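**Q** fold the stuff below for me.
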Amino acid sequence: MNQRARILVIYPDLYITTIGVFEGNHLLYQQKIKHDEEELQHFVQLIDQVPYRKQAIFEQLDLDGMNTSRFISVCGRGGLLRPISGGAYKVNDAMLYDLKTNAYGEHVSNLGAILAYEIADNLNITAYIVDPPVVDEMQKIAKYTGIPEIERASIFHSLNHRHAGRIAAKQIGSAYHSLKLISIHIARGITIASHHTGKIIDVTNGVDGEGPFTIDRSGSIPLKGFLSYLTEQYSAEEDFLWNHVQQDGGIKAYLHTEDPTIIRSRLMKEDQHTKEVIEAQAYQIAKEIGAMGTVLHGEVDGIVFTGKINENDFVIDAVIPRINWIADVMVFPGKNDLEAMNEGVLEILNNSHEVKTYVAEEAN
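**A** Sure thing, here's the model as predicted:
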């Protein structure tokens, strides 16, 4: 591969589209394109935003003088697809159909592959996604719930978990595929995973409500108590109730704020209630890390923290003393999504990994 060749990566979020341009492993250019919230509200469905965001990307690249003729591929943020194994996938018709029809759910991440494909098509190059959030490498035994009709699903920050695992492997001085690791991604959601010889064999599904409570999510809660709570407090539709635990729970429910600056200020003032809530969150995170240790039979080569670590350092500081007896702890701040996507495409272009093909789920 020509070392001067460039890869464009695209990471759409709710009101921002982040783009980056890489030459090899070097991040040459990065820009956050902010979208007007009122303007976005004019679009009935998320998919309707694609032409608007595509135009904004081309305009930004042109404004900043980026030569698009040097791009050799485009990589978009992976979206909600059927469960698949990790790796890099070429964007194809089956993938586009599932994303455009919201076959597995509507989420802003669904725009990533579509934007990548349309921009790549304009430039006559190839579009990819890498380690989408539906990566499913969970061992079968981890999917049992106690109700045969319900299985645990694998939905998590797979892109960042895998990237953090690879960084940890370099720091340890061993190949990623030879290690047993526990990784913790902390952001608005918190997910905790077990890595075993290159696969992520178990993970807390923060989207479906598993794991510790977060800044605004309730996390795992006693089922009987929750059902009683719903019966007593609400007579409402399922979506409202789900939003209640996914947007109004966690630290926000206890402290009536989600601003880390305010929380940190209260901790410095020795506010006992704030200290107890943060300690409780740290306790739950540590307990899940311990549980993942049992998944690996206690043979853990390292524990890796990633995500918005700097914003949540007071949580990390409370977690580490509880778990540092298990294995060495490594902290890699930042989401690193752009770097992880670029790395996945480079492995394809350098022929060190094979590109994977997304296949639609067969109808029963």
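
**Q** for the stretch 251-364 of the chain, which segments count as strands?
**A** Listed from the start of the chain, the stretch 251-364 of the chain has strands (DSSP state E, counting those that start in this stretch) covering 302-307, 329-333, 356-357.

**Q** mind picking out the helix or strand in this protein with the poorest mean pLDDT?
**A** Least confident helix or strand, the chain: helix 238-247 with a mean of 73, by mean pLDDT, DSSP states H and E.

**Q** chain center to that helix: distance?
**A** Here the centre of helix 238-247 is set off from its chain's centre by 20 Å, with Cα atoms, centre = their mean, to the nearest Å.

**Q** again with stretch 41-60
**A** Remark: stretch 41-60 is offset 22 Å from the chain centroid, using Cα atoms, centre = their mean.

**Q** residue boundaries of the helices in the chain?
**A** For the chain, the helices defined by DSSP state H cover 37-40, 50-63, 93-100, 111-123, 158-172, 223-233, 238-247, 250-255, 260-268, 272-295, 313-323, 337-349.

**Q** so where's the stretch 101-250 of the chain uncertain?
**A** Applying pLDDT under 70 to the stretch 101-250 of the chain flags residues 236, 238.

**Q** so how far does stretch 124-136 reach from one end to the other?
**A** Stretch 124-136 has its terminal residues 31 Å apart, counting by Cα to Cα, to the nearest Å.

**Q** tell me which residue of the chain is furthest from the middle?
**A** The outermost residue of the chain, judged against the average C-alpha position, is residue 232 (34.4 Å), by Cα atoms, centre = their mean.

**Q** list the buried ones in stretch 112-123?
**A** Counting neighbours by 16 or more other Cβ atoms under 10 Å, one finds that the buried residues in stretch 112-123 are 112-120, 123. Backbone N, C-alpha and C define where each C-beta goes, glycine included.

**Q** that older thread, how big is the angle separating the least confident helix or strand of the chain from helix 223-233?
**A** Put simply, helix 238-247 runs at 120 degrees to helix 223-233, going by axes from the mean of the first three to the mean of the last three Cα atoms, to 10 degrees.

**Q** can you name every helix or strand that helix 238-247 contacts?
**A** Using 3 or more Cβ pairs under 8 Å, 6 or more residues apart in numbering; DSSP states H and E, no helix or strand is in contact with helix 238-247.

**Q** next, name the residue at the spatial heart of this structure.
**A** The centre of the chain sits closest to residue 157, judged by Cα atoms, centre = their mean, with a distance of 2.4 Å.

**Q** what sits against it?
**A** 133, 185, 187, 189, 191, 307 (Cβ atoms under 8 Å, 6 or more residues apart in numbering).

**Q** got the residues you listed as JSON lines, with distance to residue 62 and neighbour count columns?
**A** Below are the contacts of residue 157 laid out as JSON lines (distance: Cβ to Cβ, whole Å; neighbours: other Cβ atoms under 10 Å):
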{"residue": "133", "distance to residue 62": "31", "neighbour count": "21"}
{"residue": "185", "distance to residue 62": "34", "neighbour count": "26"}
{"residue": "187", "distance to residue 62": "32", "neighbour count": "18"}
{"residue": "189", "distance to residue 62": "35", "neighbour count": "22"}
{"residue": "191", "distance to residue 62": "37", "neighbour count": "27"}
{"residue": "307", "distance to residue 62": "33", "neighbour count": "26"}
